[in-house]
Every structure is written in C-alpha cells, then in structure tokens.
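> this is a predicted model, with the sequence first.
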Amino acid sequence: MDKKKLYVGNLPWSVTNESLKELFSPYGEITEAVVIMDRYSGRSKGFGFVTFANDTDAEKAAAEMNDKEVETRKIVVNVARPREERPRRNNY
C-alpha cells in the first residue's frame, strides 16, 4: 500500500487543487494535490488526495491535519486505500 498518498475528506467547497497543496505544503514536498470534482456539475465533491514525495512527510501530515478545522469544517485525513474496481454499468 502506498503510504505517500493521503485521502482528505470533508473539504469546504471553496478548496481548489492549489489551495489543497498550500494547506499541506508545510509538511514536505508534494508531488500531487487533487480535489475531486463532479463530472456533471463541475463542483467539488468535498474530498481530494494529496501525494507526498515520501512516507515520513505523509504520515506526519496525516497525524497533524486529521480533524483540523479548515473554513469551519473539520477535515478527515488518512492514508488513501487503493481504488476498488467497480463493475461497469451497462448503458443501454
């Protein structure tokens, strides 16, 4: 399991890829920060992922940022689980 990639949930709608990166940058080098957007509305789904250059920085960020308040919302931060394959829907 990749411990460098963190799941960040309960994000305020205003958070962008850039502001998510800035939020976590004090903990180390970030290789990617992505807020997941709804493909139809273009609005944030309220969660994202931050990938660090190394495990140590990611673990420290997860420990210190979990339950931290960001714009009045307590965010949830933990190591991202691998994406599970979902069965494809038949679009008839």
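Received, thanks. Computed from a predicted model, the values in this text were never measured in an experiment.
> which is the succeeding secondary structure element to the lengthiest helix in the chain?
Longest helix in the chain, counting residues (DSSP state H): helix 55-65. Going down the chain from helix 55-65, the next helix or strand is strand 69-70, by DSSP states H and E.
> does that next one pack against any helices or strands, and if so which?
Based on contacts counted as 3 or more Cβ pairs under 8 Å, 6 or more residues apart in numbering; DSSP states H and E, there is no element that strand 69-70 packs against. (C-beta placed from N, C-alpha, C; glycine too.)
> quick one: strands adjacent to that strand?
When pairing is defined by DSSP bridges, strand 69-70 lines up against strand 73-74 (antiparallel).
> so after the strand it pairs with, what's the next helix or strand?
Next helix or strand after strand 73-74 toward the C-terminus (DSSP H and E): strand 76-79.
> for the chain, what spans make up the helices?
17-24, 55-65.
> of those, which is nearest E71?
Judged by Cβ to Cβ, the one of those that comes nearest to E71 is helix 17-24, at 9.8 Å.
> buried ones in that closest one?
L20, K21, L23, F24 (16 or more other Cβ atoms under 10 Å).
> number of nearby residues for the closest residue in space to the third one that isn't next to it in sequence?
Spelled out, it's L23. Once flanking residues are discounted, L23 sits nearest to V70: 6.8 Å by Cβ to Cβ, 6 or more residues apart in numbering. When neighbours are defined as other Cβ atoms under 10 Å, V70 has 17 of them.
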